[in-house]
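*Asks:* Sequence first, predicted model second:
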Amino acid sequence: MCPNCILNQAGLAPGVYVAYGICMLFFVVALAAMWWAFRNGEFEDMEGTKFEMLDDGEDSGNASLAKARIEVARARAQAKLNG
C-alpha cells in the first residue's frame, strides 16, 4: 500500500476502479486490433509467412517444389475434411 493510504487510512477502492478501467481500455483496444486484423486478411495465409521469411528474392527450384508440395498437402487435407 502507498504511504498516503496508510497515513490517511484510505481504502483501495478508488485505485481498484482505476486499474479496472485501464484493463478494460486495453481489452477494448486489443479487440479492436483483432477485428481490424481479421477484416484486413492478416490471418488468411498462415503457412506463407514462413516461406516469405526465408525468401531471399531468388525463386529456386527447391522453394517452388516445397511450396507446391505444401499446396498439394493442403488440398488433400481439405478434400479429406469435406468428405
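*Replies:* Nice, I can see it. Worth saying up front: this structure is predicted, and the values here are computed from it rather than measured.

*Asks:* Over the one helix or strand Val28 maps to, what's the mean pLDDT, rounded is fine.
*Replies:* For Val28, the host element (DSSP states H and E) is helix 13-39. Confidence for helix 13-39, expressed as mean pLDDT, is 92.

*Asks:* which residues are contacting the next helix or strand after it?
*Replies:* Counting by DSSP H and E, the element after helix 13-39 in chain order, helix or strand, is helix 48-54. Outside helix 48-54, the residues that touch it by Cβ atoms under 8 Å, 6 or more residues apart in numbering are Ala63, Ala66, Lys67. From N, CA and C alone the C-beta is placed, and that goes for glycine too.

*Asks:* One more pass at 7 Å, please.
*Replies:* Residues from elsewhere that reach helix 48-54, judged by Cβ atoms under 7 Å, 6 or more residues apart in numbering: Lys67.

*Asks:* Only C-alpha atoms, please: export the helix or strand just after that helix in PDB.
*Replies:* Helices and strands here follow DSSP H and E; after helix 48-54, the next one along the chain is helix 61-82. The C-alpha trace of helix 61-82 is given here as PDB (Å, rounded to 0.1, in the frame of the first residue of the first chain):
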ATOM      1  CA  GLY A  61      13.600 -24.900 -57.700                       C
ATOM      2  CA  ASN A  62      13.600 -26.200 -54.200                       C
ATOM      3  CA  ALA A  63      11.500 -23.400 -52.900                       C
ATOM      4  CA  SER A  64       9.000 -23.800 -55.700                       C
ATOM      5  CA  LEU A  65       8.900 -27.600 -55.100                       C
ATOM      6  CA  ALA A  66       8.300 -27.100 -51.400                       C
ATOM      7  CA  LYS A  67       5.500 -24.600 -52.000                       C
ATOM      8  CA  ALA A  68       3.900 -27.000 -54.500                       C
ATOM      9  CA  ARG A  69       4.100 -29.900 -52.000                       C
ATOM     10  CA  ILE A  70       2.500 -27.800 -49.300                       C
ATOM     11  CA  GLU A  71      -0.300 -26.800 -51.600                       C
ATOM     12  CA  VAL A  72      -0.900 -30.400 -52.600                       C
ATOM     13  CA  ALA A  73      -0.900 -31.500 -48.900                       C
ATOM     14  CA  ARG A  74      -3.300 -28.600 -48.000                       C
ATOM     15  CA  ALA A  75      -5.700 -29.600 -50.900                       C
ATOM     16  CA  ARG A  76      -5.700 -33.300 -49.800                       C
ATOM     17  CA  ALA A  77      -6.400 -32.300 -46.200                       C
ATOM     18  CA  GLN A  78      -9.200 -30.000 -47.300                       C
ATOM     19  CA  ALA A  79     -10.700 -32.800 -49.500                       C
ATOM     20  CA  LYS A  80     -10.500 -35.300 -46.600                       C
ATOM     21  CA  LEU A  81     -12.300 -32.800 -44.400                       C
ATOM     22  CA  ASN A  82     -15.100 -32.200 -46.900                       C
END
